[in-house]
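Trainee: Sharing a model that was predicted from the sequence below.
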Amino acid sequence: MAAAKSGPAGKAIACALREGEAPRLTTAGYLYEHQGQLLSFMLSFIIIASFWAGHNRLYESVEYYNGLLLWLNIAWMFTIVWLPVPTALVGSMDTDALQKVLYIDTMLIGSLVMTATHSSSGETRSCGTPTTRRPAVVLLPPWR
């Protein structure tokens, strides 16, 4: 046995693996057993896609950005990155009040930040001086 040749560490790892073996599931069994989590992640994906589409529409017309717009965008991105956490909680255990608060507040904060971004993005389209405005990154094809 390879574990016997690799010394005490190898033996300990081999024993831990044998003792901690979970019953083997088929793919269908796994999908069935975790259907609540999978459905909540699908819902999370749909919500994030909706938020992202709104974000994309908003930033299509932004010509310049300032520090406020940058930090609002970073705050919004945090809510998007955080959303799978309360989603996982909702899909993996019995629902309680704190789960609902985390889930709903995450979406609420993301929406409020996007509203603030929308309000401040109007200012970046027309105001500021060249020293206070930073051009938004525009990628053009090399043949243009």
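Mentor: Done, it's in.
Trainee: Count the residues that sit near the closest residue to W82 other than its chain neighbours.
Mentor: Residue nearest to W82 in three dimensions, not counting chain neighbours: T106, with 5.7 Å by CB to CB, 6 or more residues apart in numbering. Backbone N, C-alpha and C define where each C-beta goes, glycine included. Neighbours of T106 under the rule other CB atoms under 10 Å: 20.
Trainee: likewise the one 5 residues further on?
Mentor: Applying other CB under 10 Å, we find 14 residues neighbouring S111.
Trainee: tally of neighbours for Q35?
Mentor: The number of residues near Q35, taken as other CB under 10 Å, comes to 11.
Trainee: Would you map the helices across the chain?
Mentor: Here the chain has its helices, by DSSP state H, at 2-5, 7-19, 27-33, 35-60, 67-82, 84-92, 97-126.
Trainee: Just name the most buried of those helices.
Mentor: The highest average neighbour count among those, using mean count of other CB atoms under 10 Å, belongs to helix 84-92 at a mean of 18.
Trainee: quick one on the thing from earlier: tell me who's in contact with the residue nearest to W82.
Mentor: T79, W82, L83, P86 (CB atoms under 8 Å, 6 or more residues apart in numbering).
Trainee: Hmm, S120 is touching L72, no?
Mentor: Yes - contact criterion CB atoms under 8 Å: S120 and L72 qualify, at 6.4 Å.
Trainee: Low-confidence stretches in the protein?
Mentor: 1-23, 122-144 (pLDDT under 70).
Trainee: gap between the residue lying closest to P84 once chain neighbours are set aside and S61?
Mentor: Nearest non-adjacent residue to P84, counting by CB to CB, 6+ apart: S44, 5.6 Å away. Using CB to CB, to the nearest Å, we find S44 at a distance of 28 Å from S61.
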